[in-house]
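Colleague: pasting the structure only:
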Ligand SMILES: Nc1nc2c(ncn2[C@@H]2O[C@H](COP(=O)(O)OP(=O)(O)OP(=O)(O)O)[C@@H](O)[C@H]2O)c(=O)[nH]1
Ligand SMILES: [Mg+2]
């Protein structure tokens, strides 16, 4: 079921987006697993848990995996630190990166190489380290930056990128350095989004296309979130002085300050929704995360 421009409480089904090409992509990922040494799962640092995908995990099975939380430059550093501690405690290999920052991205390669080498040693105690080719598969939700990471590592525009979910449609091998091959794969959503809230988070970061939840629903959620966390950049950018502002007041103020007006000075809210989403996704309304790590269980 799809509804557009409806800010009322969205139904669960609203967020399910699993077109046929994703089922095919998942099948192809499973088929190619045998060919790779390690899977790099790309998630969004703003949504560390809900930008994972259980169906991908099941598909990957026992294959070694390194999680890369990309776009850390758009995330709240304090919350990122909490997540990093939590993933370390769970002994889940991971790294947070801004993939446009080359040195941090280079660490991905050394970490992946180490995991593969350790695994080879575990499987074969007589194994002697040799410089064999490293083959890595890049998987993850749509729009998390898989292709951008590959291009950054390859230092050229080897695969197409765009700020829209579903850009990559076919698998493609890309050689980087002399001894590494990376396999780019199309983004795969979970067949079911478990919590309504997660659908909103994934819409906000544009892992889901805007016509699934509707721009009004997603932009209203984003504005409420930014008011809730009192994001200074949000208030500064739209010159909103009252941090207790309501959604309706904020929408009117943004329309006025940014000239999103129809005839007779009426606010053009559709333009406001688009503007807020574009500016939020570009990081101009402040760094933020959705969700916190699970609390430790009381013993
Ligand atoms: N700010 C920021 N933007 C990023 C980063 N990495 C990727 N992007 C942007 O995210 C958008 C999506 O990037 P893609 O590489 O096409 O994402 P993808 O995961 O390959 O997407 P699909 O092919 O649709 O699954 C692009 O606009 C990139 O410029 C990052 O670390 N920081
Ligand atoms: Mg891509």
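Modeller: On my side now, so go ahead. From a predicted model like this one, the values you see are computed outputs, not experimental measurements. Ligands and ions are numbered 1, 2, ... in the order given.
Colleague: can you map out the strands along the chain?
Modeller: If DSSP state E is used as the criterion, the strands of the chain fall at 38-44, 65-70, 94-96, 134-140, 172-176, 180-184.
Colleague: residue closest to the middle of this protein?
Modeller: residue 44 (2.9 Å; C-alpha atoms, centre = their mean).
Colleague: quick revisit: redo the strands of the chain as JSON lines? Include distance to residue 190 and mean pLDDT.
Modeller: Quick note: C-beta positions are derived from backbone N, CA and C, even for glycine. Compiled in JSON lines, those are given as follows (distance: least, C-beta to C-beta, whole Å; pLDDT from 0 to 100):
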{"stretch": "strand 38-44", "distance to residue 190": "12", "mean pLDDT": "98"}
{"stretch": "strand 65-70", "distance to residue 190": "16", "mean pLDDT": "98"}
{"stretch": "strand 94-96", "distance to residue 190": "19", "mean pLDDT": "98"}
{"stretch": "strand 134-140", "distance to residue 190": "12", "mean pLDDT": "96"}
{"stretch": "strand 172-176", "distance to residue 190": "23", "mean pLDDT": "94"}
{"stretch": "strand 180-184", "distance to residue 190": "20", "mean pLDDT": "96"}
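Colleague: closest one to residue 263 among these?
Modeller: strand 38-44 (39.5 Å; C-beta to C-beta).
Colleague: ok so, going back, now the nearest residue to the residue nearest to the centre of the chain once chain neighbours are set aside: how far from ligand 2?
Modeller: Distances taken as C-beta to C-beta, 6 or more residues apart in numbering place residue 51 nearest to residue 44, at 4.4 Å, with adjacent residues excluded. Separation of residue 51 from ligand 2 (C-beta to the ion, to the nearest Å) stands at 15 Å.
Colleague: from what I can see residue 291 touches residue 200, true?
Modeller: No. In this structure, residue 291 is not within contact of residue 200 by C-beta atoms under 8 Å, at 10.9 Å.
Colleague: give me the more crowded residue out of those two.
Modeller: Taking neighbours as other C-beta atoms under 10 Å, residue 291 and residue 200 compare with residue 200 leading, 24 against 17.
Colleague: show the pLDDT at the more buried one.
Modeller: In the prediction, the pLDDT value recorded for residue 200 is 96.
Colleague: nearest residue to it in space, please, no chain neighbours.
Modeller: residue 221 (4.7 Å).
Colleague: surely the one you found meets residue 203?
Modeller: Yes. The pair residue 221 / residue 203 is scored as a contact, 7.4 Å apart, by C-beta under 8 Å.
Colleague: quick one, which of these two is more surrounded?
Modeller: residue 203 (28 against 21).
Colleague: so how far is residue 276 from the more buried one?
Modeller: As judged by C-beta to C-beta, to the nearest Å, residue 203 and residue 276 stand 13 Å apart.
Colleague: how about residue 246?
Modeller: 15 Å.
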